[in-house]
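**Student:** Fold the following, please.
(one chain, ligands or ions: 1)
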Amino acid sequence: MWYGFVIRAFHRLKTGATRVIGIGSKRRHGRDPCLCAWPVCSNLDRMHSRSDSRLVPQRLHRIAIIGAGPIGLEAALAAAQAGLAFDVYEAGRVGDSMQNWGHVTLFTPFSMNHSQAGAQAILAERPNDPLPSGDALMTGADYVERYLLPLSRTPLLHGRIHTGRRVIGVARKGLLKQEAVGDPNRGGSPFLLFLDTDSQGERLVEADVVIDASGLYSQPNRLGPSGLLAIGERSAGALVKYGLDDITGKHRDRYVGKRIALIGAGYSAATSVVALRALVDEHPETHVVWLTRRDSRQPIREIEEDRLPARRVLAKQANAIARESHPRLKHLRGTWVERLEPTQDSTVVVHSVDPAGHRNRFEVDRVIAQVGNRPDRSLYEELQVHECYATQAPMKLAAALLSQATTDCLDRMPTPSDTLCNPEPNFFILGAKSYGRDSSFLIRTGLAQVKQVFTLLADRRSATPAEAAGTE
Ligand SMILES: Cc1cc2nc3c(=O)[nH]c(=O)nc-3n(C[C@H](O)[C@H](O)[C@H](O)COP(=O)(O)OP(=O)(O)OC[C@H]3O[C@@H](n4cnc5c(N)ncnc54)[C@H](O)[C@@H]3O)c2cc1C
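**Tutor:** As a prediction, the model looks like this:
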């Protein structure tokens, strides 16, 4: 089927040149298994199967882990327990993404968010300081404080987590992306990681294995039609907030008495609209317009007999807000943002359009963009990674997920270990990033992925002697 394409062209006044920034389809693709579920196992992956005698011995002792979120730290723990040399490179702080939405309560209980190994490592250090109970629903901040930080300080991990070091790119030493395709010796040269560090400037480090657990939170989706930027979105700058502010808590001054446009219909938007609803009642001079692309008076997905009670309550609260007619909180359904027009008074005029082509414009002090996140693929653009062209997840994993008949994260089945392999030998994308634009990832999935990858590595390492050397 042909979908009309939208091309956003930005005119350069000085040069008269036009630069195309992005192309999006005007209608969303439905699920299309024949596009994504085709067999994707490549010869390169087969070269790394245990039984393949052509596999050249490789050094697999130095592991570089990108990101100190729950999955990066779990990978670090697994590396330490396997006696491997490892370094974790973290752009911000330990658990940085979660700290950014620290006021939000996780839907999943603590029992689903930690591993046995992690709990044991912490308790070995702090026997008199029990961990939260398995059924505890913790905020992101509590989870970082009571689990991720203590884990990062255990002797197993201590000194190997380098905060303030952003990985900008990963490549194969001495090889370009397009070279040594199908050549088993590609896995014989180490990875090179380009780091941007707070304290030492730019640096290159080497590793034998790279685990990219850098999450999705740093790459928000765009506000405009069909996934493109809205015109003016970039120039609106800080007037657009991507991610989750603590609207009734530490960021309330940004919202009290303001006119706000909230855009999105996921659970983050639901969290924000519930907080904004409380604010408009407390402060009658606050006004909110909530725009959802979904043309429904029930914009937040409610899962029948939801087994996560906190998720069920949140969805119901947000949908009730969408249905009520509140004088200062209005829901505009079936609506796209077309354009943001920043003004001289530090406000933004939001131009929206509905499918019938009716246009609307209103002025606000702040826009909250909660339209999801996408993986930062620039990290591995010099590597041979086969991505799904719909979800941008690694292809084999994406195909396995598409073949599962559910989109509820709780019902996601573990996928076979080989779905975590890429054509690039010993490069693994784990954690939230491994699902690409599919938002059904759970921490517990990532914990299982780590086990799978370290089992694979143990198999691959059996041919080579152990060494103790870091990646630095
Ligand atoms: C509001 C909200 C609520 C959620 N609730 C739940 C829940 O209840 N249960 C659940 O299982 N999941 C939940 N999730 C999903 C949850 O965020 C993920 O499951 C979890 O954070 C994924 O962990 P991760 O380690 O893959 O990525 P992240 O937690 O995002 O960690 C990635 C880390 O990598 C760092 N990083 C990024 N780029 C670079 C770079 N270039 N170089 C170095 N470091 C980098 C980041 O700073 C960050 O510290 C929720 C998500 C959100 C946004």
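**Student:** Leaving out sequence neighbours, find the closest residue to the closest residue to the ligand within the stretch 251-400 of the chain.
**Tutor:** Nearest residue of the stretch 251-400 of the chain to the ligand: residue 268, at 5.2 Å (Cβ to the nearest ligand atom). Every residue, glycine included, has its C-beta placed from N, CA and C. Using Cβ to Cβ, 6 or more residues apart in numbering and skipping the chain neighbours, the partner closest in space to residue 268 is residue 370 (4.4 Å).
**Student:** Backbone dihedrals for the one you found, please?
**Tutor:** Dihedral pair for residue 370: phi -130, psi 70, per degrees, to the nearest 10.
**Student:** and it, how many neighbours?
**Tutor:** 24 (other Cβ atoms under 10 Å).
**Student:** quick one: contacts for it?
**Tutor:** For residue 370, the contacting residues are 242, 243, 244, 262, 263, 264, 266, 268, 269, 272, by Cβ atoms under 8 Å, 6 or more residues apart in numbering.
**Student:** List the beta-bridge partners for the first one.
**Tutor:** The residues listed as beta-bridge partners of residue 242 by DSSP bridges are residue 369.
**Student:** now the closest residue to the ligand within the stretch 301-450 of the chain, nearest residue through space, not along the chain?
**Tutor:** Closest residue of the stretch 301-450 of the chain to the ligand, Cβ to the nearest ligand atom: residue 431 (2.3 Å). The spatial neighbour of residue 431 that comes closest, neighbours along the chain excluded (Cβ to Cβ, 6+ apart), is residue 71 at 3.3 Å.
**Student:** Please apply the same query to residue 130.
**Tutor:** Here the residue nearest residue 130, using Cβ to Cβ, 6+ apart, is residue 123, at 7.8 Å.
**Student:** Show me what the host helix or strand of that neighbour packs onto, helices and strands only.
**Tutor:** Using DSSP states H and E, residue 123 falls within helix 116-125. Secondary-structure packing of helix 116-125 (3 or more Cβ pairs under 8 Å, 6 or more residues apart in numbering; DSSP states H and E): helix 70-81, helix 149-152.
**Student:** and the last one, what does it pack onto?
**Tutor:** What that stands for is helix 149-152. helix 70-81, helix 116-125.
**Student:** Of the ones you listed, flag the one that's most buried.
**Tutor:** Scoring these by mean neighbour count under mean count of other Cβ atoms under 10 Å gives helix 70-81 as the most buried, with a mean of 25.
**Student:** Please see if that one touches the ligand.
**Tutor:** Yes. Under the criterion of Cβ under 6 Å from any ligand atom, the ligand is reached by helix 70-81 at 70, 71, 72.
**Student:** Just confirm residue 110 contacts residue 139, I think it does.
**Tutor:** No. Using Cβ atoms under 8 Å, residue 110 is not in contact with residue 139; the gap is 11.4 Å.
**Student:** Looking at the two now, which is surrounded by more residues?
**Tutor:** residue 110 (20 against 15).
**Student:** Surely the residue of the stretch 251-400 of the chain closest to the ligand is in contact with residue 244?
**Tutor:** Yes. Contact criterion Cβ under 8 Å: residue 268 and residue 244 qualify, at 5.6 Å.
**Student:** if I look at these two, which residues touch both of them?
**Tutor:** 101, 370.
**Student:** What parts of the stretch 1-150 of the chain come near the ligand?
**Tutor:** Checking the stretch 1-150 of the chain against the ligand by Cβ under 6 Å from any ligand atom, the hits are 66-72, 89-92, 96-98, 101, 104, 106-108.
**Student:** Out of these, which sit inside helices?
**Tutor:** 70, 71, 72, 96, 97, 98 (DSSP state H).
**Student:** The last one - nearest residue in space that isn't next to it in sequence?
**Tutor:** It refers to residue 98. Closest to residue 98 by Cβ to Cβ, 6+ apart is residue 140, at 4.0 Å.
**Student:** Contacts only, for the one you found.
**Tutor:** By Cβ under 8 Å, 6+ apart, the neighbours of residue 140 are 95, 98, 99, 101, 102, 103, 104, 106.
**Student:** May I ask which of those has the most neighbours?
**Tutor:** residue 95 (26 neighbours).
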